[in-house]
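Undergrad: Got a predicted structure here, sequence first:
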Amino acid sequence: MTDKTAELSRLFFEIRRGSNALAALGDRLHADLKVTSAMRALMEYLSINGEGTVPDVARAKNVTRQHIQQISNALVKLGLLEFVANPRHKRSPFVALTPKGEEVFAEIRTRQAAVLRDLAIRLDDLDAGAAADAIARLRAEIASLDPS
């Protein structure tokens, strides 16, 4: 294994561990809201992009339709998401945040902002912009690969 290959392997490992740590932190931070990290990710997507069909959201997030459907159903049960008629497709309704869902997501963002402020102080010497750029570039390169 070359040095560069070993460094990329370590980077992948740290990204996975970091993702797991972020999900666990979010789950602890928002435990009282009964919203998992997967639910928060869907709520964030809808907050940014607006309503969409389950298949469209799944494609955009690069996950299965079934995964988004399960999360959507759970959020509907909590009253945070609703299915809205789609005039273009009777069997594929839009999913959208309810007013309660928007309120809960605003609370999530408020809590996360407090954590981010604390981390910004703790990681003052970290060039987060450069790290984000590197991960974005890595993500784009991975997306362009054809494993076949």
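TA: Structure received.

Undergrad: going forward, measure contacts and count neighbours with C-alpha atoms only.
TA: Noted.

Undergrad: Enumerate the positions of stretch 38-45 that are buried.
TA: 39-40, 42-45 (16 or more other CA atoms under 10 Å).

Undergrad: Let me see the mean pLDDT of it.
TA: Across stretch 38-45, pLDDT averages out at 96.

Undergrad: Start and end of stretch 116-128, how far apart?
TA: One end of stretch 116-128 to the other measures 12 Å (CA to CA, to the nearest Å).

Undergrad: For it, buried residues please.
TA: Buried-residue list, stretch 116-128, by 16+ other CA under 10 Å: empty.

Undergrad: still on that earlier bit, mind checking which of the buried residues of stretch 38-45 are in helices?
TA: 39-40, 42-45 (DSSP state H).

Undergrad: measure Pro87 to Phe94 for me?
TA: Distance from Pro87 to Phe94, by CA to CA: 9 Å.

Undergrad: low-confidence ranges in this structure?
TA: The chain contains residues with pLDDT under 70 at 148.

Undergrad: what's the spacing between the helix or strand that contains Val76 and its chain's center?
TA: Using DSSP states H and E, Val76 sits in helix 65-77. Relative to its parent chain, helix 65-77 has a centroid offset of 14 Å by CA atoms, centre = their mean, to the nearest Å.
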